[in-house]
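Chemist: I'll drop the sequence and a predicted model, then ask my questions.
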Amino acid sequence: MKTHVVITGASRGIGKALAEEMAGNGCVLHLSSRQIPETVTAFCREKGSKVHVYPFDISNTENIDGLATEILRNIEVFGTQSFMLVNNAGMLQPMGEIGRLKTDAYRMNLEVNFVAPILLTNALLSGLADTEISVRIVNITSGAAKNPYHGWSHYCSTKAGLDMFTRCLFEEKGDQIRVYGFNPGRTDTKMQDEIRAESPENFKYVQSFIDAHKKGALNSPEKVAACIKVVLTSDRFPNGSEVSMKDF
């Protein structure tokens with residue numbers, strides 16, 4: 001019996017590491033990003049996974065139903081035991097105070113971090129509604145969901161919204177599916193590079209991120225991916241809960 005795993009933002013960072021971590025063991029991978037490096041798909045196929053690639057800009061939320069349709073078309077109900085969705089794609093730009101940001105750039109952040117994962121989840125659950133396939137969903141969250149950061153109004157707000165969506169999803173469907181929030185903490189990805197390159201004017205806490213990098217205090221994407229795999233493949237944590245790296 002097959003397990004189908006959908007990962008958004010799979011081209012690098014946590015998404016890439018998770019694809020490589022989940023490869024093999026009967027997993028069929030569905031990887032979405034604007035561009036998936038051939039090295040990622042080749043590695044996963046070498047480990048024995050069938051890999052479907054969906055070149056897609058997740059900010060184009062008006063086309064999310066089309067992405068979901070493509071994914072569902074590649075899932076054979078007969079012979080499929082479980083379906084997993086990891087809403088990983090996210091962005092931090094543009095950083096800066098409210099009132100100084102361009103509307104289009106600000107809107108893109110809201111679309112990627114909040115609108116897209118909710119619409120994709122809705123469309124995929126709708127397509128799987130009449131099946132007996134086991135469903136598990138992990139939404140990647142952040143400490144910024146609970147703590148306001150100067151210059152991150154969009155990121156903090158969208159992650160807080162995604163946390164509430166996770167809770168609502170559990171409230172509505174906790175007896176049918178398993179759903180989790182996962183906080184990876186400060187992880188050594190391109191997003192951290194962007195933070196450290198920002199000016200104190202746009203992000204006044206930048207020095208703390210520079211210091212954390214110098215001290216080697218960042219989690220590796222591979223370590224984070226291994227922990228997410230535990231959430232996806234075991235019942236170690238209560239359904240509907242938020243899991244963080246501190247829980248390992």
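Modeler: Cool, got the structure. This structure is a prediction, so every number in the text was calculated from the model and none was measured.

Chemist: what's the closest non-adjacent residue to A123?
Modeler: Once flanking residues are discounted, A123 sits nearest to A68: 3.5 Å by CB to CB, 6 or more residues apart in numbering. C-beta here means a position set from N, CA and C on the backbone, and glycine is covered the same way.

Chemist: assumed the one you found was part of a helix.
Modeler: Yes: counting by DSSP: H, G, I helix; E, B strand; the rest coil, A68 is part of a helix.

Chemist: which residues touch it?
Modeler: Listed by CB atoms under 8 Å, 6 or more residues apart in numbering, the contact set of A68 reads L120, A123, L124, S126, G127.

Chemist: switch to 7 Å and redo it
Modeler: L120, A123, L124, G127 (CB atoms under 7 Å, 6 or more residues apart in numbering).

Chemist: I'd like to know how far the one residue sitting closest to the centre of the chain sits from V138.
Modeler: Centroid check for the chain by CA atoms, centre = their mean gives N88 as the closest residue, at 1.0 Å. For N88, the distance to V138 equals 8 Å [CB to CB, to the nearest Å].

Chemist: ok, V40 next?
Modeler: As judged by CB to CB, V40 and V138 stand 19 Å apart.

Chemist: now do the SS call for V53.
Modeler: Under the three-state scheme (three-state DSSP), V53 adopts strand.

Chemist: which strand or helix spans the residue nearest to it when sequence neighbours are not counted?
Modeler: Of all residues not flanking V53 in the chain, I36 sits nearest, at 4.9 Å (CB to CB, 6+ apart). Here I36 sits in a region with no helix or strand, counting by DSSP states H and E.

Chemist: my guess is I36 contacts R12. True?
Modeler: No: under the criterion of CB atoms under 7 Å, I36 is not in contact with R12, lying 9.5 Å apart.

Chemist: compare these two (neighbour count), which wins?
Modeler: Higher neighbour count among I36 and R12: I36, with 22 against 17, using other CB atoms under 10 Å.

Chemist: the closest residue to H150 other than its chain neighbours: neighbour count?
Modeler: Closest residue in space to H150, ignoring its immediate chain neighbours: K204 at 4.7 Å, by CB to CB, 6+ apart. By other CB under 10 Å, 14 other residues sit near K204.

Chemist: for K204, give me phi and psi.
Modeler: phi -70, psi -10 (degrees, to the nearest 10).

Chemist: and K16, by the same measure?
Modeler: Dihedral angles for K16 - degrees, to the nearest 10 - are phi -60, psi -50.

Chemist: ok, it - contacts?
Modeler: Taking CB under 7 Å, 6+ apart, we find K16 in contact with A10, V40.

Chemist: A105 reaches P94, doesn't it?
Modeler: Yes: shown here, A105 and P94 form a contact pair, counting by CB under 7 Å, at 4.5 Å.

Chemist: between the two, which is the more surrounded one?
Modeler: The neighbour comparison of A105 against P94 (other CB under 10 Å) goes to P94, with 17 against 13.

Chemist: residues in contact with stretch 69-81?
Modeler: Residues contacting stretch 69-81 (CB under 7 Å, 6+ apart): 1-4, 6, 30, 52, 54, 124, 127, 131, 133-134.

Chemist: looking at these, spot the one nearest H150.
Modeler: When the contacts of stretch 69-81 are ranked by distance to H150 (CB to CB), V6 comes first, at 34.3 Å.

Chemist: look up how far D235 lies from E171.
Modeler: For E171, the distance to D235 - CB to CB - is 19 Å.

Chemist: then T8?
Modeler: 24 Å.

Chemist: cool, and K223?
Modeler: From K223 to D235 the distance is 21 Å (CB to CB).

Chemist: show me which of these two is the more surrounded one.
Modeler: K223 (17 against 9).
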